[in-house]
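In: Quick one, structure for this:
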Amino acid sequence: GHSLGAGAAAIAGIELHNDERGCFNVEVVGFGCPAVLSKDLSEGTKSYVTTVVADSDMIPRTSGETIDNCVLDILEYDWTPFVKRDIEDALREVRKGALFGFLFWDDGTKSAETVAVPRIMQTFVDEAIDRYVKPGIRTKSNRRLDTVLHP
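Out: Below you'll find the model as predicted:
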């Protein structure tokens, strides 16, 4: 099998190999098999389950530990500078067609491409992000689960 099919084939191979009647001679070959077995179970199936992994295929290398570590990385990532940049860009576009000049200021060039960010709105957004969003971002830590690649 391949990918999910390889995982299903490995599990089916274990079931058939452990059949009480002993009427199955099982050999399983999986390509890009996800980590569907524990380390102990994986070690116990080495005689009849073979998996082939391409060099850069992430699926066979994904485990509960790597998913936990990914979630921690996401929770600790400070994405707020990108939000501020995107909002600034959006406000620049709004400014190009805005009729309410009192909300905006220019950098002196009066060119639509170089118009400065709408002052009041950007200040409001920056303060809201700093006050309400940033405190929810976890402090960076080096605590991660040890990952184990199963054979």
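In: what about the closest residue to A12 other than its chain neighbours, how many residues close to it?
Out: For A12, ignoring the flanking residues on the chain, the nearest one in space by C-beta to C-beta, 6 or more residues apart in numbering is V28 at 7.8 Å. C-beta coordinates here come from the backbone N, C-alpha and C atoms, glycine included. Using other C-beta atoms under 10 Å, the number of residues around V28 comes to 20.
In: Now the residue positioned nearest the centre of the chain: which helix or strand?
Out: Nearest to the geometric centre of the chain sits C70, at 6.1 Å (C-alpha atoms, centre = their mean). Counting by DSSP states H and E, the element that carries C70 is helix 64-76.
In: now do D55
Out: With DSSP H and E as the test, D55 turns up in no helix or strand.
In: What does it show for phi and psi?
Out: When read as degrees, to the nearest 10, the backbone of D55 gives phi -50, psi -50.
In: Helix, strand or coil: sort out the residue sitting furthest away from the middle of the chain for me.
Out: The C-alpha centroid of the chain is most remote from R21, which lies 44.5 Å away (C-alpha atoms, centre = their mean). What DSSP: H, G, I helix; E, B strand; the rest coil gives for R21 is coil.
In: Could you report the pLDDT at it?
Out: pLDDT recorded at R21 is 85.
In: how close does it sit to R92?
Out: 73 Å (C-beta to C-beta, to the nearest Å).
In: same thing with I59?
Out: Applying C-beta to C-beta to I59 and R92 gives a distance of 41 Å.
In: Which one's more surrounded, these two?
Out: R92 (18 against 15).
In: Work out for me the element that one sits within.
Out: Secondary structure assigned from DSSP H and E places R92 in helix 80-97.
In: number of nearby residues for T45?
Out: Residues near T45, counting by other C-beta under 10 Å: 21.
In: just the one 4 residues further on next, same as before
Out: Using other C-beta under 10 Å as the criterion, V49 is surrounded by 24 other residues.
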